[in-house]
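Participant: Quick one: sequence plus predicted model below, questions after.
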Amino acid sequence: MTRKVNRYSKLRGEISPPGDKSISHRALILNSVANGEAKITNLAPGGDVRKSTARCLVHLGAIISMDSSMPDTAIVHGRGIDGLREPARVLYAGNSGTTIRLLMGLLAAGSFLSIITGDSSLRARPMDRVVQPLRSMGAEIWGRDHDRLAPLAINGRRLRGIDYTLPIPSAQLKSAILIAGLFAEGKTTIRELAHSRDHTERLLCAMGVKIDSNDDSITVIPPDTSLTSIDMCIPGDISSAACWLVAGAIHPNAHITVRNVGVNPTRTGIIDVLMLMGAKLKITNQHMEGGEPIADITVESSDLRGTQISGELIPRLIDEIPLIAVAASAAQGKTTIYNAKELRVKESDRIATTAEELSKLGAKIQEMPDGMVIHGSRSLRGALCRSHNDHRLAMAIAIAGLITTGEQTRVHQDNAVCISYPTFWEDLDKLGGE
């Protein structure tokens, strides 16, 4: 489908974004190999969590109950790692890189053979970065293109702990090794050159696992007993909230409050960048839930200015860079983004597709191998754009379309947003007064 973006004269209201995808994946996976029953509320609504991760776990023998009368709630009956079984079918991770990479760590520790794959996009994304450390722990893994691509066949073995330095900042890679390390012989230490999101470590600590952390390393010590199940209300997804933070900052007549947003310091790069750019943001009602910090964020119309984004900031906002490019297009001056090569292997090549689609709207973007340069202060004009079936890009185009002139902006393949934010279009209309 193709959807037109309405240009509202004002944006007003409150939004509660869907549950955080990253935390939802981990809550389902870790509670499935714990002992006891866990009630997970505000579960992320998109297909990545509910179809990809949940279905894969069920095919592995996990018991996960979802009631249609409570669509944001899941009951997980933990069975421990020994309660998992060899799947009778190929596991299908859909479009979800988090699903396939985190489950690789779990499957490596199983006592059976499994095969896992995904859609055409996921089958083109690199998996060797996870294969190599899991093999060094003792797992047997085979895949396409010299074991670099899915489908992957994983023969679980008795694992041994390792001391491993991450070649790139990657929460998915780190989490896969941590999950495998839970069931390995001896401790597993992971060293990071730059900090990536730490949802796995926080949840493991809440479930009773001993995690030793310092400035550059994380060590997991396998527990003597099974993990303890934990009830959890998933914080609102900051990557989804980022849509409204950028919309409020660039729109000339906006005042938006986003409620119950996860503000984990490893994920709040979007807040830091917007404030560097001069956005009028206010953070209130801060509290904790399941080891995760949560807050309300209010944004209003702002005069933004360009900035430079690179280094350790990149892992903290990697998913929000298409939206940052939108904000930079509306800002005064130049914005440069470096060290973001990881964007090349997301659901789309987000450096290329962001530059291509925003350029159709009149943005001046120079593509670089590991980032982009955006020249702001340009008047955007409506056009037909493609989402490339990438949910982040679809939402970024829609937010840019709010401030275009001329014809209305149209987003082809608009249903891509359903991967992470099925009610995105409804929430946009709500803020516009419809």
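Facilitator: Cool, the structure landed.
Participant: Find the residue closest to Val326 in space, skipping its chain neighbours.
Facilitator: Excluding the flanking residues, the one nearest Val326 by C-beta to C-beta, 6 or more residues apart in numbering is Ala400, at 4.6 Å. All C-beta spots, glycine's among them, are computed from the backbone N, C-alpha and C.
Participant: who are the neighbours in contact with that neighbour?
Facilitator: Taking C-beta atoms under 8 Å, 6 or more residues apart in numbering, we find Ala400 in contact with 326, 329, 358, 361, 363, 380, 409.
Participant: one more time with 7 Å, if that's ok
Facilitator: The contact partners of Ala400, by C-beta atoms under 7 Å, 6 or more residues apart in numbering, come to 326, 329, 358, 361, 380, 409.
Participant: Next, work out how far apart Pro45 and Phe424 are.
Facilitator: The gap separating Pro45 from Phe424 is 11 Å, by C-beta to C-beta, to the nearest Å.
Participant: CSV for the contacts of Ala400, including secondary structure?
Facilitator: Below are the contacts of Ala400 laid out as CSV (DSSP: H, G, I helix; E, B strand; the rest coil):
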residue, secondary structure
Val326, helix
Ser329, helix
Leu358, helix
Leu361, coil
Leu380, coil
Thr409, coil
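Participant: Which of the residues you listed ranks first by neighbour count?
Facilitator: Val326 (30 neighbours; other C-beta atoms under 10 Å).
Participant: tell me which element the residue nearest to Val326 falls in.
Facilitator: Using DSSP states H and E, Ala400 sits within helix 391-401.
Participant: Can you measure across stretch 152-162, start residue to end residue?
Facilitator: Length of stretch 152-162, first residue to last, C-alpha to C-alpha, to the nearest Å: 22 Å.
Participant: Buried by neighbour count: which residues of it qualify?
Facilitator: For stretch 152-162, a neighbour-count test (16 or more other C-beta atoms under 10 Å) marks 152-154, 156-157, 159, 161-162 as buried.
Participant: just stretch 96-113 next, same as before
Facilitator: Buried residues in stretch 96-113, counted by 16+ other C-beta under 10 Å: 96-110.
Participant: how much space between the residue nearest to Val326 and Gly306?
Facilitator: Relative to Gly306, and taking C-beta to C-beta, Ala400 is found at 16 Å.
Participant: do the same with Pro133
Facilitator: Per C-beta to C-beta, Pro133 is found 39 Å from Gly306.
Participant: who's more crowded, those two?
Facilitator: Remark: of Pro133 and Gly306, Pro133 carries more neighbours, 24 against 21, as counted by other C-beta under 10 Å.
Participant: Contact partners for that one?
Facilitator: Contact analysis of Pro133 by C-beta under 7 Å, 6+ apart lists 162, 164, 177.
Participant: what's in contact with the lowest-mean-pLDDT helix or strand in the chain?
Facilitator: Least confident element among the helices and strands of the chain, by mean pLDDT, DSSP states H and E: helix 47 (a mean of 85). Helix 47 has contacts (C-beta under 7 Å, 6+ apart) with 94, 418-419.
Participant: Could you work out the end-to-end span of stretch 399-410 for me?
Facilitator: Span of stretch 399-410 from end to end, C-alpha to C-alpha: 11 Å.
Participant: buried set for that stretch?
Facilitator: 399-404, 409-410.
Participant: cool, and stretch 83-92?
Facilitator: The neighbour-count check on stretch 83-92 (16+ other C-beta under 10 Å) flags 83-84, 87, 91-92 as buried.
Participant: Which pair of those residues spans the longest distance?
Facilitator: Farthest pair in the buried residues of stretch 83-92 (C-beta to C-beta) is Gly83 and Tyr92. Separation: 21.3 Å.
Participant: Which of the contacts of helix 47 fall within strands?
Facilitator: With strands taken from DSSP state E, there is no overlap with the contacts of helix 47.
Participant: Of those residues - the most surrounded one?
Facilitator: Going by other C-beta under 10 Å, Ile419 tops the contacts of helix 47 with 24 neighbours.
Participant: Mind checking the pLDDT average for whatever helix or strand Ala325 lives in?
Facilitator: Here Ala325 sits within helix 321-330, counting by DSSP H and E. For helix 321-330, mean pLDDT is 98.
Participant: Ok, stretch 114-131 next?
Facilitator: Averaged across stretch 114-131, the pLDDT comes to 96.
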